[in-house]
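S.K.: What follows is a predicted protein model with its sequence.
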Amino acid sequence: MPSTAPDAYHLRPIRHEDDAAMAAIIRSVMPEFGASGCGFAINDPEVDWMSKAYAKPLHAYFVIERDGQVLGGGGIAPLEGGEASVCELRKMYFLPQARGLGAGTAMMARCLDAARDAGFQQCYLETLTGMDAAMRLYERSGFHRIDQPIGATGHGGCNTFYLRDL
């Protein structure tokens with residue numbers, strides 16, 4: 001039986017050699033929740049080169065690795081079209097074998113720490129109805145639902161929006 005202890009995985013910054021694995025994860029997990037087609041992050045050009053996209057100032061992206069295999073990731077970046085004090089939690093997706101290990105909670109903490117370290121005062125995110133476990137994690141992490149999107153993410157397919165003070 002596989003270990004579910006928190007040390008059963010390693011959380012670290014993304015590297016160039018992780019790009020293909022993260023692109024595959026994003027492209028397999030998003031359709032699992034009906035997030036395919038226009039208006040979803042699956043179509044963002046950065047999906048194929050995440051390490052480069054998140055190497056910019058005020059950006060950070062981390063992966064969860066277990067036994068040498070990348071199982072998921074998540075990051076932060078300035079909110080496009082938003083206030084300079086607001087970042088966006090972006091592209092946080094995990095393969096099924098990473099779920100239930102506490103990886104989401106650890107990833108959230110790491111991303112929020114990175115946001116604070118970058119000087120952001122609020123963190124925003126967009127999600128989709130049906131991503132119930134993710135929404136529970138957001139709410140446990142101090143995010144509150146807001147009525148409408150902010151910024152200009154280009155993800156018109158999302159229908160649930162959250163904001164959190166840092």
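M.R.: Yep, it's here. Residues are numbered from 1 along each chain as shown.
S.K.: Now do the contacts for residue 166.
M.R.: By C-beta atoms under 8 Å, 6 or more residues apart in numbering, the contact set of residue 166 is 112, 115-116, 120-123. Yep, even glycine has a C-beta here, placed from its N, CA and C like the rest.
S.K.: Which pLDDT value does the model give it?
M.R.: Looking at residue 166, its pLDDT reads 97.
S.K.: With residue 107 instead?
M.R.: 95.
S.K.: What sits closest to it if chain neighbours are left out?
M.R.: Using C-beta to C-beta, 6 or more residues apart in numbering and skipping the chain neighbours, the partner closest in space to residue 107 is residue 74 (4.5 Å).
S.K.: And the one helix or strand that neighbour maps to, what does it pack against?
M.R.: According to DSSP states H and E, residue 74 maps onto strand 69-78. Here strand 69-78 touches helix 19-32, strand 60-66, strand 86-94, helix 103-117, going by 3 or more C-beta pairs under 8 Å, 6 or more residues apart in numbering; DSSP states H and E.
S.K.: Could I get the average pLDDT for the helix or strand just after the first one?
M.R.: This points to helix 19-32. Remark: after helix 19-32, the chain's next helix or strand is helix 50-53, criterion DSSP H and E. Taken as a whole, helix 50-53 has an average pLDDT of 94.
S.K.: And for stretch 147-163?
M.R.: On average, stretch 147-163 scores 86.
S.K.: which residue packs closest to the residue at minimal distance from the centre of the chain, ignoring adjacent ones?
M.R.: The residue lying closest to the centre of the chain (C-alpha atoms, centre = their mean) is residue 92, at 2.2 Å. With C-beta to C-beta, 6+ apart as the measure, residue 74 is the residue that lies nearest to residue 92, at 3.2 Å, once sequence neighbours are left out.
S.K.: That neighbour: what's it in contact with?
M.R.: 61-62, 89-93, 107-108, 110-111.
S.K.: So which of those residues sits lowest on pLDDT?
M.R.: Among the contacts of residue 74, residue 93 has the weakest pLDDT, 87.
S.K.: That one and residue 71 touch, don't they?
M.R.: No: the pair residue 93 / residue 71 is not scored as a contact, 9.8 Å apart, by C-beta atoms under 8 Å.
S.K.: And the two? Which one has more around it.
M.R.: Between residue 93 and residue 71, counting by other C-beta atoms under 10 Å, residue 93 is the more crowded of the two (24 against 21).
S.K.: pretty sure residue 12 belongs to a strand, no?
M.R.: Yes: under DSSP: H, G, I helix; E, B strand; the rest coil, residue 12 sits within a strand.
S.K.: Tell me what it is bridged to.
M.R.: residue 63 (DSSP bridges).
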